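# I would like to see how this sequence folds:
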Amino acid sequence: MPARVHAIIVARSGSSARAQLLRTLEAVRAQTVPPEAVTLVLCGDATTARESEAVAATVEGIIEARPGTSFTEAVELARPRIAEGASVWLLAQDTAPHPRALERLRGMLERWPSAAIVAPKLIATDNDREIVSLGVSMTTLGRTVELAAGELDQGQHDAMDDALGSDIRGILIRGEVREALRPDTALGGADEGLDLGVRARLGGGRVVLAPAARISASPDGPAAPASSASRRAFASRLAQLHRRLSYAPAAAVPLHWLTFLPLALWRSVTHLIAKRPEAVIPEWAAAITAMLRFGAVARSRSRIRSFRSSGWASVAPLRVTSSQLRRRLDDGHGSEGGAVSELRFFSGGGAWAVLGALVVSIASFTTLVAWPTLGGGGILPLAATLGGLWRDAAWGLRSVGVALVGPADPFAAVIAVLGSLWPAAPSFGLVLLWVLALPLAVLGGWFAATRVTDRSGLRIFAGIAWALAPTFLTALIEGRPAAVLVHLLLPWLFHTAAVAHRSWGAAGAASLFFLAVAACAPSLIPALVMLWIVAVAIALATARFRGAGRLLWLPVPGIAMFAPLALWQFSHGTPIALLADPGFVWSAGQASADGSGRSALATGFPTVDFAGWTAFAPAPIAAWAPLLCAPLALLALCAAVAPRWRAGIMMLVVAAAGLATAFFAVGIVVSFAHGAPVPIWPGAGLSLAWAGVLGGALVTLDTALVRPRLRAVATAVAALALVVCAIPALSAFHLDRTVLTNGPESTLPAFVAAQASGDSDIATLVLTPQNDGALAVEVVHGASETLGGQATMSSTAVEPQGADIATLAVDLISARDFDAPMELARHGIGYVLLAEPLGGEGDRARALSSAAVASIDQRAGFVHAGNTDRGVLWRLEADAAEPSPLSETQGATARLIVLTQLALVLAALLLALPTRASRRAARSRSRIVGRAPDEPIVLPRHAEDREPDEPLGLAEPLSLAEPSHDDEIEPRADETSPAPTVPEQGAQEPEQQEPEQQEPEHGHEPEAQPAEEDRR
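Down below sits the predicted model:
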């Protein structure tokens, strides 16, 4: 006689849930073999359900539960109503069984006496050919694996009848074991069906699949996985950890418990690498929750122990091996399939352009290649050791002043990274930077152009135009390392930030470039923040909420790095000083706020000499130099009316923001060099403006000029004009019109540098008489001033910072009678250097210098070390005191700040690391951003197939629209065509996930990993 079946339907209150419930009740009534009893557990108000005729005609009883009751808790509430020996059929409001579903489930239960559970085939409600679930297994280490989820139902799995577990929805539990196989309420909404299957196996039973029994399931029911990614991650991880403690041998439970927090740290790293930052907080929350649930673990272990009759060997054959898992996760295309927009760096001529730029760079800076160090302008040596480089980048005792403790400039971290590229001689990193600046600029401009055009010729033009920007060439010949770095980093910021809404990988990389650009040019922060706000607003306006969430991450590392300096400047009443140029403050002939200066800025030149034209050519000719930038500017203005006008207008907004920054910068003075005010360098703003102008010109050339010949002529004219404009700057090194010098390796005399070699704490008091009669005072620690050791908290200070050494210096060269050597030694000073001003000594400086020499020579305790190439040097006979260590409070502050900054920067680095899945996802989308819905794209083809008047590398147009939604694009496993896949209008945004990293175990029992759909 067939066993009785008692159906339990769990539903929630609400209008949409009520419609689903009525559909499920109708499906239950339509069964060819109906259940003998139906109990409805309603989580919420049951008044409407009690009054419904459809409900009354189907169910024998209604149980009202709290709205937050889980599916397994609701099943437990209905258990007392089940008759003795009756099998239990678990349904939910969103699971509508097909007419013969129960008949086939009961038939399988009768046919297989060993079957403890019979599981149906769950199919999607809106697509009955898509499998939602048909069997669940797990790996050797316990990762949950769906066996058929997301596949097209073609009957390929209908022969399967054995599985380790299943989805809990729709399963039929044999009456004889239903008390032993009660769903575990501690699993929290994940892996309940897998847990039941494992326990059935350990009890001598099995899970039998019934593919012919079909049940339609929706993704929003009480037994479905959580819709929120973070909630789903929390539930899955909590279920894994709970099952680990429940399955493990008693002796291994404490070991597993102790590993939860270390594993949470490890898995947080893997989540970031796999571009799943939303799973990091749930990971820690699940670990802490699982560690505190001792009672739930004890109850679960007790149930397993009371029913268990076999060992884990009965489970092993049904596990998924690592090789099987890799085959399931592989989409069959590798990282090369589904490419929509090819990079074509080598085949498109990008590599040749970079190589040509390297040749030009070597020709322009020929002897510089042999220099061990670089000097002149705003260039200083770098710290001699890696430890010194990174010590300058951390919060603590600063290398300028005396006893000055505070935050480092973020620029010091950029210098530390640069110096670490050549650990044996960090200062040589600046030489390499100058030699490779032109090819690196071409490379960055070429990659940035891939976000605007697919045409190889225009990409090469963009790289050349970016490298020949007047502001960049001016920074090279004037020795401005921060300005050079800004220009090299800006195209990469554009390249990554333009697609930051698409994936976490791009967002992580963009956040690092955002930090680096802001660190090198704080004056760009207002413009960058404005553009970031515009990008977030556009993402929200177009309903790309996940994309907006990724964009919100962009400034986070930068905020962490600038926060200590911002707090310092705000506390000292100088918030505007945050915009000060970092590094060595150097006053040169940059454009000012007067009429001629603003005219130069408006034409893209940061100095009034027009990038060397006033010294290269007669004044009447040099005055016309700005017209050489006119073709590029005209092309940029036409972008506003080009077919891709939205992108064109955005480029013009970027250009306007850069120009506004440049005009704003020349009117602000926040830094001082030897007491003289120095305006902010406007070249950083002009670099940003040049990026917008060049981007607008590319939009015009790519979309507005449809005739190849016209496009080629316009590109050639603009490129030729820029080449002519760059001739004075590129020839300045050979014509001796640049400030670059060979060294020095130290800014102090060789005797002091030798004594302070390494990281010695010897300090030197440097006195520099000024031509206006003033005296500049500074303290240099170690063998030399260093570029990374400079601090804007000192260069922007309007009052002495740290110990007041200026008063002591004035007393030293005056007639005041005091123990000067002991006072200086008490501050850690061992040498005194009387230096000459940079521009040469005037009469007043010479008189002050003579008086200072006479005064110091008359004082006891000073040993005259002689005249050096840096000035007059004295050595103190007294032993200099050791620097005072940081106090306990200061040390704790330094550790907190450094650890916080490292954590956020490391998170950005892990997000930015490319993976196989992220590369595949990037290739599945067009590289171009802002493409119009009806705009064609250009695909490469062989040269022999092109039209006679068509440039090499162009092909037939293919319509491609920029998607407008935030869901994911995922390739299908059965798609084997090599042709590129083109997303349709409104297509979903791609972000492929890497397979989860396996984690170490202390015991031999398995751990369940999150159940993820293997969507093809």
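
# okay, CA-based contacts and neighbour counts for the rest of this
Fine.

# Which helix or which strand is home to residue 433?
Using DSSP states H and E, residue 433 falls within helix 428-449.

# I'd like the mean pLDDT over that helix, please.
The average pLDDT for helix 428-449 rounds to 96.

# Residue 89 should be in a strand, yeah?
Yes. Assigned with DSSP: H, G, I helix; E, B strand; the rest coil, residue 89 falls within a strand.

# quick one: pLDDT of it?
91.

# Using CSV, write out the CA atom coordinates for the strand ranked longest in the chain.
Secondary structure of the chain per DSSP state E: the longest strand is strand 206-217. This file holds the C-alpha atoms of strand 206-217, laid out as CSV (Å, rounded to 0.1, in the frame of the first residue of the first chain):
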residue,chain,number,x,y,z
ARG,A,206,20.3,7.7,0.0
VAL,A,207,19.0,10.6,-2.0
VAL,A,208,17.3,9.5,-5.2
LEU,A,209,16.6,11.9,-8.0
ALA,A,210,13.3,11.9,-9.9
PRO,A,211,14.0,14.1,-13.0
ALA,A,212,10.5,13.2,-14.4
ALA,A,213,9.0,15.0,-11.4
ARG,A,214,9.1,18.6,-12.3
ILE,A,215,8.4,21.6,-10.0
SER,A,216,8.5,25.2,-11.1
ALA,A,217,10.4,27.4,-8.6
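
# State the helix or strand in which residue 121 lies.
Here residue 121 is assigned to strand 115-124, by DSSP H and E.

# Packing partners of that strand?
With contacts taken as 3 or more CA pairs under 8 Å, 6 or more residues apart in numbering; DSSP states H and E, strand 115-124 sits against helix 101-111, strand 131-133, strand 172-173, helix 192-202, strand 206-217.

# quick one: low-confidence ranges for the stretch 601-750 of the chain?
Within the stretch 601-750 of the chain, no stretch falls below the threshold (pLDDT under 70).

# Over to the chain?
1-2, 328-342, 758-760, 839, 932-1016.

# Point to the residue nearest the middle of it.
With distances taken as CA atoms, centre = their mean, the chain has residue 508 as the residue nearest its mean C-alpha position (0.7 Å).

# hang on, the earlier thing: highest mean neighbour count out of the helices and strands packed on strand 115-124?
Among the helices and strands packed on strand 115-124, the stretch with the highest mean neighbour count (mean count of other CA atoms under 10 Å) is strand 172-173, at a mean of 28.

# Sheet-wise, list the partners of it with their directions.
Partners of strand 172-173 in the sheet, by DSSP bridges, are strand 87-92 (antiparallel), strand 115-124 (antiparallel).

# any idea which of these is most buried?
strand 115-124 (a mean of 27).

# tell me the angle that strand makes with helix 192-202.
160 degrees (axes from the mean of the first three to the mean of the last three CA atoms, to 10 degrees).

# now the helices for the stretch 751-900 of the chain?
792-795, 805-812, 820-826, 843-858, 888-912 (DSSP state H, counting those that start in this stretch).

# out of those helices, nearest to residue 89?
helix 888-912 (44.4 Å; CA to CA).

# Buried residues, the closest one. List them.
For helix 888-912, the neighbour count (16 or more other CA atoms under 10 Å) marks 890, 893-894, 897-898, 901, 904-912 as buried.

# and of the residues you listed, the nearest to residue 819?
Distances from residue 819 to the buried residues of helix 888-912, taken by CA to CA, are shortest for residue 890, at 31.3 Å.

# Distance of the closest one relative to residue 396?
8 Å (CA to CA, to the nearest Å).

# and if you look at residue 121?
According to CA to CA, residue 121 and residue 396 sit 63 Å apart.

# go on, residue 196?
57 Å.

# same question, residue 666
Separation of residue 666 from residue 396 (CA to CA): 32 Å.

# Now the nearest residue to residue 802 once chain neighbours are set aside: phi and psi?
The spatially closest residue to residue 802, leaving aside those adjacent along the chain, is residue 404, at 4.3 Å (CA to CA, 6 or more residues apart in numbering). Backbone torsions of residue 404, given as degrees, to the nearest 10, read phi -90, psi 110.

# before we move on, what about the one 3 residues further on?
Its backbone dihedrals place residue 407 at phi -80, psi 150, with angles given as degrees, to the nearest 10.

# What is the burial count for the nearest residue to it once chain neighbours are set aside?
Spatially, and ignoring its direct neighbours in sequence, residue 407 is nearest to residue 395 (4.4 Å; CA to CA, 6+ apart). Burial measure for residue 395: 22 neighbouring residues, criterion other CA atoms under 10 Å.

# ok so, going back, tilt between the longest strand of the chain and strand 87-92?
Angle, strand 206-217 to strand 87-92, by the same axes, to 10 degrees: 40 degrees.

# Next, the angle helix 101-111 makes with strand 206-217.
For strand 206-217 against helix 101-111, the angle by the same axes, to 10 degrees is 180 degrees.

# so how far is the first residue of stretch 659-676 from its last?
For stretch 659-676, the end-to-end distance is 26 Å (CA to CA).

# List the buried residues for it?
In stretch 659-676, counting by 16+ other CA under 10 Å, buried: 659-663, 665-666, 668-672, 674.

# ok, residue 201 touching residue 315?
Yes. Using CA atoms under 8 Å, residue 201 is in contact with residue 315, at 6.4 Å.

# Between those two, which contacts overlap?
residue 164 (CA atoms under 8 Å, 6 or more residues apart in numbering).

# coming back round to it: could you check how far the residue nearest to residue 407 is from residue 345?
Residue 395 is 41 Å from residue 345, by CA to CA.

# Equivalent analysis for residue 811, please.
64 Å.

# do residue 120 as well
Counting by CA to CA, the gap from residue 120 to residue 345 is 52 Å.

# do residue 553 as well
For residue 553, the distance to residue 345 - CA to CA - is 29 Å.

# check contacts around the residue nearest to the centre of the chain.
500, 553, 554, 907, 908, 909, 910, 911, 912.

# What's the separation between it and residue 268?
Using CA to CA, residue 508 is found at 15 Å from residue 268.

# re earlier: let's see which of the buried residues of stretch 659-676 end up in helices.
659, 660, 661, 662, 663, 665 (DSSP state H).

# For residue 474, see how far away the first one is.
Distance from residue 659 to residue 474, counting by CA to CA: 17 Å.

# same deal with the last one?
Here the distance between residue 665 and residue 474 works out to 17 Å (CA to CA).

# ditto for the fourth one
Separation of residue 662 from residue 474 (CA to CA) stands at 15 Å.

# now do residue 840
For residue 840, the distance to residue 474 (CA to CA) stands at 24 Å.

# More neighbours: the two, which one.
residue 474 (27 against 10).

# quick one: the more buried one and residue 729 touch, right?
Yes. Judged on CA under 8 Å, residue 474 makes contact with residue 729 at a distance of 6.9 Å.

# any shared contact partners between these two?
Common neighbours of residue 474 and residue 729, using CA under 8 Å, 6+ apart, are 611, 612.
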